[in-house]
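*Asks:* please find the sequence and the predicted model below.
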Amino acid sequence: MKLALAPLALALVLVAGCGGGGSSSSSSEPSPKDWADGLCSSITTWSDSVKTAGESLKGGSLSKDSLKNATDDIKTATNQFADDLKGLGKPNTDGGQQAKEAIDELSNQVKHDVDELESTVSKASGSGASEAAAAASGIATSLSTMSTHIAAAASKLQQADAKGDLEQGFRDAPACKKLSS
């Protein structure tokens, strides 16, 4: 099973990076740079954790225990990711509320997706090879769904960034520079 989440996480950063310039002001909201840095950092941490869980399934020795462990690791990483997304708040931009809503929606979607993953794996993870293959396929499908949700959130961020504040934030944020390199 191939888990290619880094390109999708990068897509979130790149798609969010289209627009003009300008800003609004509120001291309780993170700057576009700080908000983008938090988002990119969360994506990197989650992606790395999911890749590590996926690596544990390579080599053809799928077992009920390895599938359960990988699923548990993905669920833990995804729940933390969802919590991190909710914790980002609203960036200090004209479209900040729209950006917050897009990321909150993504948080809810990935939590739902990981619950579906867990259900699929528990139903399919008997002791036979065909059950293990079905469970592994369920993991790949769930991760693909999460990737689709990330791409949709990226599109919503782009729409929310009419003045380009988030675009600049993504360009300036250290964690986003690491993610795109």
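*Replies:* Done, it's in.
*Asks:* report the longest helix in this structure, please.
*Replies:* Using DSSP state H to define each element, the chain has its longest helix at helix 129-160.
*Asks:* how many neighbours does Asp34 have?
*Replies:* Other residues lying near Asp34 total 17 when counted by other Cβ atoms under 10 Å. C-beta: built from backbone N, CA, C; applies to glycine.
*Asks:* check contacts around it.
*Replies:* Gly169, Ala173 (Cβ atoms under 8 Å, 6 or more residues apart in numbering).
*Asks:* please point out which parts of the strand or helix carrying it sit buried.
*Replies:* Counting by DSSP states H and E, the element that carries Asp34 is helix 32-55. Neighbour counts over helix 32-55 (16 or more other Cβ atoms under 10 Å) mark 32-44, 46-47, 49-50, 53-54 as buried.
*Asks:* list the contacts for Lys178?
*Replies:* Applying Cβ under 8 Å, 6+ apart, the residues contacting Lys178 are Cys40, Thr44.
*Asks:* thinking again about what came up before, ok and the longest helix of the chain relative to helix 32-55, angle-wise?
*Replies:* 170 degrees (axes from the mean of the first three to the mean of the last three Cα atoms, to 10 degrees).
*Asks:* what about the helix holding Asp34, distance to the chain center?
*Replies:* Centroid separation for helix 32-55 versus its chain: 7 Å, with Cα atoms, centre = their mean, to the nearest Å.
*Asks:* helices and strands around the next helix or strand along the chain from that helix, which ones?
*Replies:* Sequence-wise, the next helix or strand downstream of helix 32-55 (DSSP H and E) is helix 64-87. Counting by 3 or more Cβ pairs under 8 Å, 6 or more residues apart in numbering; DSSP states H and E, the packing neighbours recorded for helix 64-87 are helix 32-55, helix 96-124, helix 129-160.
*Asks:* Ser155: neighbouring residues, count only.
*Replies:* The number of residues packed near Ser155 is 15, by other Cβ under 10 Å.
*Asks:* in this protein, which ranges drop under the pLDDT threshold?
*Replies:* Applying pLDDT under 70 to the chain picks out residues 1-27, 59-61, 125-128, 181.
*Asks:* how many neighbours does Ser28 have?
*Replies:* Neighbours of Ser28 (other Cβ under 10 Å): 7.
*Asks:* which strands and helices sit next to the longest helix of the chain?
*Replies:* Applying 3+ Cβ pairs under 8 Å, 6+ apart, one finds that helix 129-160 makes contact with helix 6-16, helix 32-55, helix 64-87, helix 96-124.
*Asks:* report the buried residues of the helix or strand following it.
*Replies:* On the C-terminal side of helix 129-160, the closest following helix or strand by DSSP H and E is helix 165-172. Under the neighbour-count criterion of 16+ other Cβ under 10 Å, helix 165-172 has Asp165, Leu166, Glu167, Gln168, Gly169, Phe170, Arg171 buried.
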